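K.L.:
Below is the structure, and that's it, no one-letter string:
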C-alpha cells in the first residue's frame, strides 16, 4: 500500500472556527510532513515529524498546530485562521533513509477560510 | 538567497517529440535532486531521484541528468503523449535534513 490518505477533501471554515485536517499512511514511513500550496505555486514546507516527534517547524503561525498521535497518523489543527490561509494542504510521508528520500503525497485538503 | 528555478513556467510540445525541462539552483550543494509530477488539484507524485555522483538516470520514457558544476538538472520525456501534460517540479533537500524545497514548476502541455 503506497497510499497517503487525507480527510476531508474540502473544508470551508469561518475565521472563528476550529477544525482539524487528518492524514494517514500505512507504509511504515518514519517521517511525515505538512505542506501548504497556493494556486500556481510550489508546495511550501510547514512541519516535519520524524519518529513521531516534531523536527522542523518552518516558522508557521501558531494558529496551525500539528500533532502526530502515532507513526501512521498526522493531524493539523486549525484555529482562528485568516482568509489568506486558504490553500491546498498536502500531507506527505517518506522512509527518510539514505536510499529512500522520495516523498509520497496525499491528495490534499482544499481549505477555504471565509 | 537560495533559489531553485525552473526556467519555463509553461512549455508546449508536439506529441511524439521530446520535452526537456530545466531546473537550476544556486547556493546549494545537494546530495540528491528529485523530480515530481503534479496534476491539477492533486498531490505531487514522485518520479525520479538522482544523486550527486550520478550523471544520468532513466525510467521508461523519462531521463534525468544532474550537473553539479553547472548546478543544473535536465528532465526529459521522450515520445511525449498528451497524458504527460502536467506540472513538473524539481526538488532539493539542500542541507540533508529532510527539508524539501521545490522549484517553481513547469506546466507542460503535450499537443496532439
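P.N.:
Great, that's in hand. As the structure is a prediction and not an experimental result, all values here were calculated from the model.

K.L.:
C-alpha only now, for contacts and for neighbours.
P.N.:
Will do.

K.L.:
ok so residue A:48 is a strand residue?
P.N.:
Yes: the assignment for residue A:48 is a strand, going by DSSP: H, G, I helix; E, B strand; the rest coil.

K.L.:
Surely it and residue A:33 touch.
P.N.:
Yes: with contact defined as C-alpha atoms under 8 Å, residue A:48 counts as touching residue A:33 (4.6 Å).

K.L.:
can you list the weak-confidence ranges in chain B?
P.N.:
Where chain B drops to pLDDT under 70, the residues are B:1-2.

K.L.:
Which residues does residue A:92 form beta bridges with?
P.N.:
With DSSP bridges as the criterion, residue A:92 is bridged to residue A:33, residue A:105.

K.L.:
so how many other residues sit close to it?
P.N.:
Residue A:92 is flanked by 28 other residues according to other C-alpha atoms under 10 Å in any protein chain shown.

K.L.:
and it, what pLDDT?
P.N.:
Note on residue A:92: pLDDT of 97.

K.L.:
Can you give me every residue that contacts it?
P.N.:
A:4, A:32, A:33, A:34, A:35, A:103, A:104, A:105, A:106 (C-alpha atoms under 8 Å, 6 or more residues apart in numbering or on different chains).

K.L.:
okay if I get those residues as CSV plus neighbour count and pLDDT?
P.N.:
Output for the contacts of residue A:92, formatted as CSV (neighbours: other C-alpha atoms under 10 Å in any protein chain shown; pLDDT from 0 to 100):
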residue, neighbour count, pLDDT
A:4, 22, 97
A:32, 30, 95
A:33, 26, 96
A:34, 24, 98
A:35, 19, 98
A:103, 23, 93
A:104, 23, 95
A:105, 26, 97
A:106, 23, 97
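
K.L.:
possible to save those residues as JSON lines with distance to residue B:108?
P.N.:
Converted to JSON lines, the contacts of residue A:92 look like this (distance: C-alpha to C-alpha, whole Å):
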{"residue": "A:4", "distance to residue B:108": "25"}
{"residue": "A:32", "distance to residue B:108": "29"}
{"residue": "A:33", "distance to residue B:108": "27"}
{"residue": "A:34", "distance to residue B:108": "26"}
{"residue": "A:35", "distance to residue B:108": "23"}
{"residue": "A:103", "distance to residue B:108": "22"}
{"residue": "A:104", "distance to residue B:108": "22"}
{"residue": "A:105", "distance to residue B:108": "20"}
{"residue": "A:106", "distance to residue B:108": "22"}
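
K.L.:
With respect to residue A:26, which of these is nearest?
P.N.:
Using C-alpha to C-alpha, residue A:4 comes nearest to residue A:26 of these, at 7.7 Å.
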